[in-house]
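[1] Give the three-dimensional model of this entry:
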Amino acid sequence: MYKKIREINKAVYLLLGIVLIEIIERVVDKLFGSGDGTIACFGINHFVFIAQAILLIIAIIIIIEKNKIRIDKKNILLATVVSLFMLLICEFALFLLGIQSISNLYSKIPKTADFFVSDSIEGSYFVKEKLPGGEKFLCKEFFNNQGFRDKDEFVASNIDTSLLRILLLGDSFTLGLEAICDGSDGYGDIAEKRLKALLWNTGIIGIGQKQELHMLKKYYPMLKPQYVILGFYDGNDWNDNLYPMGISYWFNLEGRKEKVNLINRYKLLPGESIRILSPKEAWGRAYPPYSKSSNEIISFLEKSRVISLCINASRNFVKDFKTTSTSLKKYHRLKNPSFQSENFLLTEPSPDEFNKTLNLFRQIKDYVDANNSKLVILIIPHKYEIEKRTKSEHYTKIIDICKTLTIDYMEVFDELSYSDYYEWHWNKSGHLKVGNLLAERIQKDEGSK
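    The predicted model follows:
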């Protein structure tokens, strides 16, 4: 009888082994890792992927092997009893480890922040009165009433027409993200002080040229600047241009281990149509363990911790397989946070990204030219490009667009070093370099008039 039990449960034990490996990964990562599945000096995800794949293949072979055992009601009953017992043991072990089921996690999705609005009509912007105090980056004292991190109110009564006037367009680099987190000036602030000019900084985290065009049309008539400076980040601006304005939800991650709080709220569908995701859908898409199935049967099974781990293991298996099989493809669809990989250097913008960006640059240039101002594109390189001293096609193709449309552009590649970056953005030294270079460029243009 014991032999029969062992034979019929071989496949079951192997499948439970996949779950056990997932448990071990969680425990080791919690004890020694960084909280994102990576341990110093080696990636545990790769070992887990290989081990689970081997066990899954062996289990499938055992299941499909013919005439291995005689299947009858007694054997099926014994297998069911033993399997349920093993599942209960694993369920209790996961409970002790504090691992949640998908159903439980789904109810714990963080709320979106009320101080950041994402709207397809007005784009993304901060709401000053709802910003928290104390934190340097989000401290409301540093924001104007229009929701921009600028000391000046964007109103006509504040404009001194005797000063050189500059309108600054861009995303989180232009906002000055990492610099302002430690109380330093962004590159726009540095250029403004050195030039003794009036500079309006409309930089907002997580936007592309669609919103920058919108900001241009909204604030140019009021400021009437002599210069329009657009900071183009080759890391994700290409992909941002595929979506309407108001690309991201801002999730409140206080007390949570997740690091990315800006999550894309749009999903591209066939035929260039786009669907707006709910906050729960967007969060679950970015973090698969929090993604609840719409199927009622699967939703019921997701109440189990063991089955939840099996579902997440299969999702990770498919994700790793897709990543491995597509990493060498020339086109790389940038989805947050996939551009945060050295594979970025091997890829180029897709034809759709290139064409949409080209069209937006043409509209921006036509608007600025029609108002007799000067447009300059500040090309912001990816940190891996600086580290490897290599300009990817994401970088060179924006130069191609500028040359095609006869737009002046400015490179800071040669002056930057890897130490000028903190995580993904420029730190204090990076902003200082770029701010001075921008001021020198404008002074040179003014001197040549």
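[2] the helices in the stretch 51-200 of the chain, which residues?
    Using DSSP state H, counting those that start in this stretch, the helices of the stretch 51-200 of the chain run over 73-97, 102-106, 172-175, 177-181, 187-195.
[3] Mind putting those helices into a markdown table with mean neighbour count and distance to Arg265?
    For every residue, glycine as well, the C-beta is placed using N, CA and C. Output for the helices of the stretch 51-200 of the chain, formatted as a markdown table (neighbours: other CB atoms under 10 Å; distance: least, CB to CB, whole Å):
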| stretch | mean neighbour count | distance to Arg265 |
| --- | --- | --- |
| helix 73-97 | 13 | 32 |
| helix 102-106 | 19 | 18 |
| helix 172-175 | 26 | 17 |
| helix 177-181 | 21 | 20 |
| helix 187-195 | 23 | 27 |
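[4] Mind checking those helices for the one nearest to Tyr421?
    Judged by CB to CB, the one of these that comes nearest to Tyr421 is helix 177-181, at 8.0 Å.
[5] same question for that closest one, mean pLDDT?
    Helix 177-181 shows a mean pLDDT of 72.
[6] could you dump it to PDB, C-alpha only?
    Extracted in PDB, the C-alpha atoms of helix 177-181 (Å, rounded to 0.1, in the frame of the first residue of the first chain):
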ATOM      1  CA  LEU A 177      13.900  64.900  -8.600                       C
ATOM      2  CA  GLU A 178      17.000  63.500  -6.800                       C
ATOM      3  CA  ALA A 179      18.500  66.900  -6.300                       C
ATOM      4  CA  ILE A 180      15.500  68.400  -4.600                       C
ATOM      5  CA  CYS A 181      15.200  65.400  -2.400                       C
END
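[7] Now do that helix: which elements does it pack against?
    With contacts taken as 3 or more CB pairs under 8 Å, 6 or more residues apart in numbering; DSSP states H and E, helix 177-181 sits against strand 425-426, helix 428-447.
[8] Where does the prediction get shaky in the stretch 151-300 of the chain?
    181-183, 255, 257-259, 289, 294 (pLDDT under 70).
[9] Do a quick rundown of the strands in this structure.
    Here the chain has its strands, by DSSP state E, at 116-119, 123-126, 165-169, 198-201, 227-233, 248-250, 262-264, 266-268, 274-276, 374-380, 408-411, 421-422, 425-426.
[10] Distance of Ile377 relative to Leu77?
    Distance from Ile377 to Leu77, counting by CB to CB, to the nearest Å: 72 Å.
[11] likewise Asp366?
    76 Å.
[12] ditto for Glu393
    62 Å.
[13] Can you add distance to Ile398 and give the helices of the stretch 51-200 of the chain back as JSON lines?
    Formatted as JSON lines, the helices of the stretch 51-200 of the chain follow (distance: least, CB to CB, whole Å):
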{"stretch": "helix 73-97", "distance to Ile398": "48"}
{"stretch": "helix 102-106", "distance to Ile398": "40"}
{"stretch": "helix 172-175", "distance to Ile398": "14"}
{"stretch": "helix 177-181", "distance to Ile398": "21"}
{"stretch": "helix 187-195", "distance to Ile398": "18"}
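[14] and of the ones you listed, who's closest to Phe142?
    Per CB to CB, nearest to Phe142 of those: helix 177-181, 7.1 Å.
[15] Can you pull out the residues in contact with that closest one?
    For helix 177-181, contacts defined as CB atoms under 8 Å, 6 or more residues apart in numbering pick out 136-137, 142, 149, 185-187, 205, 422-423, 425-428, 430-431.
[16] go with 10 Å
    Residues lying outside helix 177-181 but in contact with it, judged by CB atoms under 10 Å, 6 or more residues apart in numbering, are 135-139, 142, 149, 171-173, 184-187, 189-190, 203, 205, 421-432, 435.
[17] Which pLDDT value goes with Asp445?
    So Asp445 comes in at 92 (pLDDT).
[18] tell me the helices in the stretch 301-449 of the chain, going along the chain?
    With DSSP H, counting those that start in this stretch as the criterion, the stretch 301-449 of the chain has helices spanning 305-326, 351-370, 383-388, 393-404, 428-447.
[19] Turn these into TSV, including mean neighbour count and distance to Tyr290.
    What follows is the helices of the stretch 301-449 of the chain, written out as TSV (neighbours: other CB under 10 Å; distance: least, CB to CB, whole Å):
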stretch	mean neighbour count	distance to Tyr290
helix 305-326	16	10
helix 351-370	17	28
helix 383-388	18	28
helix 393-404	17	30
helix 428-447	18	34
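[20] now those helices in TSV, with distance to Met222?
    Output for the helices of the stretch 301-449 of the chain, formatted as TSV (distance: least, CB to CB, whole Å):
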stretch	distance to Met222
helix 305-326	46
helix 351-370	14
helix 383-388	35
helix 393-404	27
helix 428-447	20
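[21] If I average pLDDT within each of those, which one is lowest?
    Looking at these, the weakest mean confidence is helix 305-326, a mean of 61.
[22] returning to what we had before: Pro288 is nearest to which of the helices of the stretch 51-200 of the chain?
    helix 102-106 (9.2 Å).
[23] and the closest one, what does it pack onto?
    Counting contacts by 3 or more CB pairs under 10 Å, 6 or more residues apart in numbering; DSSP states H and E, helix 102-106 packs against helix 279-286, helix 296-301, helix 305-326.
[24] Quick one: mean pLDDT for it?
    On average, helix 102-106 scores 73.
[25] what sits up against that helix?
    Residues contacting helix 102-106 (CB under 10 Å, 6+ apart): 99-100, 280, 283-284, 287-293, 298-305, 307-309, 311-312.
[26] Those, buried ones only, as a PyMOL selection?
    Filtering the contacts of helix 102-106 down to the buried ones (16 or more other CB atoms under 10 Å) takes a single PyMOL command:
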select buried, resi 99+100+283+284+289+290+291+292+293+301+302+304+305+307+308+309+311+312
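[27] if you skip the residues just before and after it, what's nearest to Tyr233?
    Closest residue to Tyr233 apart from its sequence neighbours, by CB to CB, 6 or more residues apart in numbering: Ile380 at 4.3 Å.
[28] got the contact list for the one you found?
    170-174, 187, 231-235, 237, 395, 398, 411-413, 416, 425-426, 430, 434.
[29] and if you look at Gly235?
    171, 173, 334, 339-340, 344, 380-385, 392, 394-395, 424-425.
[30] what domains does the record give for the chain?
    2-99, 126-241+348-447 (automatic domain parsing).
[31] List the residues that contact the spatially closest residue to Lys151 that is not a sequence neighbour.
    Counting by CB to CB, 6+ apart, Lys151 lies nearest to Asn144, which is 7.3 Å off, once chain neighbours are set aside. Taking CB under 10 Å, 6+ apart, we find Asn144 in contact with Phe126, Lys128, Asp150, Lys151, Asp152, Glu153, Phe154, Val155, Asn158, Trp200, Asn201.
[32] Having no further points to raise, I will conclude here.
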